[in-house]
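A.B. asks: here's a sequence, model it:
(one chain, ligands or ions: 1)
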Amino acid sequence: MEKVGVLGGTFDPPHIGHLILAQEAILRLKLKEVNFIPAAYPPHKGCSPIASPSQRLKMVDLATSEDPRFKTLDIELRRPGPSYTVETIQELRKAWGPVKEIFFLMGSDSLRELSTWREPELLVKICQVVVAIRPGQSPQGRFAQEVIPLEMPLIGVSSTQIRERVRKGEPISYLVPKAVEAYIRREGLYG
Ligand code: ATP
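C.D. replies: Predicted coordinates for the structure are as follows:
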């Protein structure tokens, strides 16, 4: 069976935290690839994305184009309404069939919120949820026992922080891929 990673997110914008998570998952769990899936409208986030769906898709495309093992899927953007991960995984299982085993990757902040997601019990059954944790730590929360811990050097970069830095005129180089930074500048995003 082929092991395939899925990384869902708002990607407003994608940053090195996402790329390092994907790389570590490929390395440690021997995945064939990681599919980045930008959410149309993330139901569990307080505020809506700043960049449009097509801008976020473009940025994810640019961020993933550097590594042939990184792919971008627009399935959540093509589906009307909010993006529920459980529905995405069901759609992928149908499309990919039993030959692919799905590993859904997330940061530990997302694991803490997992009980507020749609049908979390079903989600942890139909895929392997993988959670990035600091070396020596263990996953926390209601689903801690049902997830695979992925030890990695956690870096404290977030999309929120990058948007803030752009707004304040601070540099974002090294925090996002060069092509993503160029796109943000060209489109005048987050200013
Ligand atoms: P925001 O700051 O807008 O909340 P974010 O940086 O968390 O955004 P998302 O697109 O929401 O980015 O994240 C997608 C997934 O990547 C989530 O599961 C999140 O936990 C994980 N993630 C985000 N940043 C990191 C990081 N620095 N290290 C590991 N995982 C991360």
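
A.B. asks: might one say that Leu21 is in contact with Leu105?
C.D. replies: Yes. The criterion here is Cβ atoms under 8 Å, and Leu21 meets it with Leu105 at 5.8 Å. (Glycine included, C-beta is placed from N, CA and C.)

A.B. asks: common neighbours of the two, please.
C.D. replies: Leu7, Ala132, Leu150 (Cβ atoms under 8 Å, 6 or more residues apart in numbering).

A.B. asks: show me which of the residues you listed neighbour the ligand.
C.D. replies: Counting by Cβ under 6 Å from any ligand atom, Ala132 from the shared contacts of Leu21 and Leu105 sit close to the ligand.

A.B. asks: can you tell me which of the shared contacts of Leu21 and Leu105 has the most neighbours?
C.D. replies: Leu7 (26 neighbours; other Cβ atoms under 10 Å).

A.B. asks: that one bridge partners, please.
C.D. replies: Beta-bridge partners for Leu7, by DSSP bridges, are Phe36, Leu105.

A.B. asks: my guess is it contacts Asn35, does it?
C.D. replies: Yes. At 7.1 Å, Leu7 and Asn35 qualify as touching, with contact defined as Cβ under 8 Å.

A.B. asks: where does pLDDT dip in the protein?
C.D. replies: 42-46 (pLDDT under 70).

A.B. asks: what ranges do the helices span in the chain?
C.D. replies: With DSSP state H as the criterion, the chain has helices at 16-29, 53-64, 75-78, 85-96, 108-113, 120-126, 159-167, 178-187.

A.B. asks: which of these sits most buried?
C.D. replies: helix 53-64 (a mean of 21; mean count of other Cβ atoms under 10 Å).

A.B. asks: distance from that helix to the middle of the chain?
C.D. replies: 12 Å (Cα atoms, centre = their mean, to the nearest Å).

A.B. asks: do it and the ligand meet?
C.D. replies: No. Contact of helix 53-64 with the ligand (Cβ under 6 Å from any ligand atom) is absent, the minimum separation being 8.8 Å.

A.B. asks: good, we can wrap up now.
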